[in-house]
Structure formats: C-alpha cells, structure tokens
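Asks: all I have is the shape, not the residue letters:
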C-alpha cells in the first residue's frame with residue numbers, strides 16, 4: 001500500500017510517497033505560492049496528487065498543514081495572513097473529490113508529535129484505515145524530532 005504525503009507550509013509544499021513499512025520511496029517539494037491564497041494552494045496539491053496518482057498506485061493521501069485544522073472534517077478552522085483566504089478551505093473534501101482517494105488532514109504541529117509516538121508501523125496501519133491520525137507519516141517523512149512524548153495537545157473552545 002502506498003500513501004502520498006504532503007506538508008503544506010507558507011513557503012513550500014513538501015511531498016513524497018511512503019509505503020506501509022514507513023519507507024520513503026520518493027520525495028520532492030515545490031513553492032507553495034502562498035500569496036495567491038489557500039484555494040490555489042489546494043489546487044496545486046491536487047495537481048501534484050494527480051501526477052503522483054498517475055505514476056504510483058496510491059491508496060490514500062495524508063496532509064499536514066499550517067493553521068488550525070479540524071482533523072475530522074479536514075477543514076482549516078483558522079489560518080494567519082501568511083496564507084490569505086486559507087481559513088475555511090475544505091482540504092479533505094477538495095482533494096478527495098478531485099482524486100477519488102481517501103484523504104486525512106491534520107495540523108502540522110500535531111503531526112510532529114504523532115510522528116514520534118511509538119513505532120511508525122503502528123501508525124501506518126491507522127493510515128490505511130483512514131484514521132484522523134493519518135498524517136503521522138508526514139512527520140516521519142519530514143524527520144521531525146520535537147514532540148511531547150505520548151501526547152497531542154489541542155486547544156478547545
């Protein structure tokens with residue numbers, strides 16, 4: 001099984017393909033062009049997803065993103081002006097509708113924490129069951145090391 005992973009930031013979008021063992025099979029990046037807005041960023045991710053889908057037999061897509069992300073709905077709840085018009089963007093639905101693949105989205109800081117809890121293989125199984133924790137592979141892909149052991153803290157209204 002193969003997952004396309006994306007890390008959406010204000011400067012660049014990093015991406016790659018990860019297998020069920022957590023092996024990074026390929027990676028790359030492209031400018032996010034954040035100044036053109038949140039919807040345009042997602043269109044760029046969709047375009048890259050379709051290219052990857054053509055080249056690889058993908059089973060899903062995991063998104064790690066800047067901003068406050070509702071990980072169940074896959075929606076940007078709040079974002080700074082670094083990415084204009086990003087608040088309210090429906091990451092999960094937009095990419096899922098365009099590719100026909102299951103998609104999970106999570107805040108990038110949470111991905112950092114999740115990527116460092118336990119063995120990556122445990123989280124890979126969750127990816128393939130379309131868990132809201134799916135973007136953990138993005139954190140592994142980016143080799144992020146800062147985390148709070150065993151915890152993901154969320155702000156609750």
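Replies: That came through, no problem. All of these numbers come straight from a predicted model, not from anything done at the bench.
Asks: okay, the residue nearest to the spatial centre of the chain: pLDDT?
Replies: The residue lying closest to the centre of the chain (C-alpha atoms, centre = their mean) is residue 63, at 1.2 Å. Note for residue 63: predicted pLDDT of 89.
Asks: looking at it, it is touching residue 107, isn't it?
Replies: No - in this structure, residue 63 is not within contact of residue 107 by C-beta atoms under 8 Å, at 10.1 Å. Using the backbone N, CA and C atoms, a C-beta is placed for each residue, glycine as well.
Asks: distance check, the residue nearest to the centre of the chain against residue 19.
Replies: 18 Å (C-beta to C-beta, to the nearest Å).
Asks: residues shared between the contacts of residue 63 and residue 107?
Replies: Counting by C-beta atoms under 8 Å, 6 or more residues apart in numbering, residue 63 and residue 107 have no shared contacts at all.
Asks: ranges for the strands of the protein?
Replies: 2-8, 12-19, 24-31, 60-65, 68-70, 75-78, 103-107 (DSSP state E).
Asks: would you mind giving those strands as TSV with distance to residue 91 added?
Replies: Formatted as TSV, the strands of the chain follow (distance: least, C-beta to C-beta, whole Å):
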stretch	distance to residue 91
strand 2-8	8
strand 12-19	12
strand 24-31	17
strand 60-65	6
strand 68-70	7
strand 75-78	7
strand 103-107	4
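Asks: can you give me the pLDDT of residue 141?
Replies: So, for residue 141, pLDDT stands at 49.
Asks: again with the one 3 residues further on
Replies: We note a pLDDT of 40 for residue 144 in this prediction.
Asks: now this structure, which segments are flagged as low pLDDT?
Replies: 112-157 (pLDDT under 70).
Asks: ok, the nearest residue to residue 28 once chain neighbours are set aside - how many residues close by?
Replies: Nearest non-adjacent residue to residue 28, counting by C-beta to C-beta, 6 or more residues apart in numbering: residue 15, 5.9 Å away. Close neighbours of residue 15, defined as other C-beta atoms under 10 Å, add up to 24.
Asks: got the angle between the top helix by length along the chain and strand 12-19?
Replies: Ranked by residue count and defined by DSSP state H, the top helix of the chain is helix 38-55. Put simply, helix 38-55 runs at 30 degrees to strand 12-19, going by axes from the mean of the first three to the mean of the last three C-alpha atoms, to 10 degrees.
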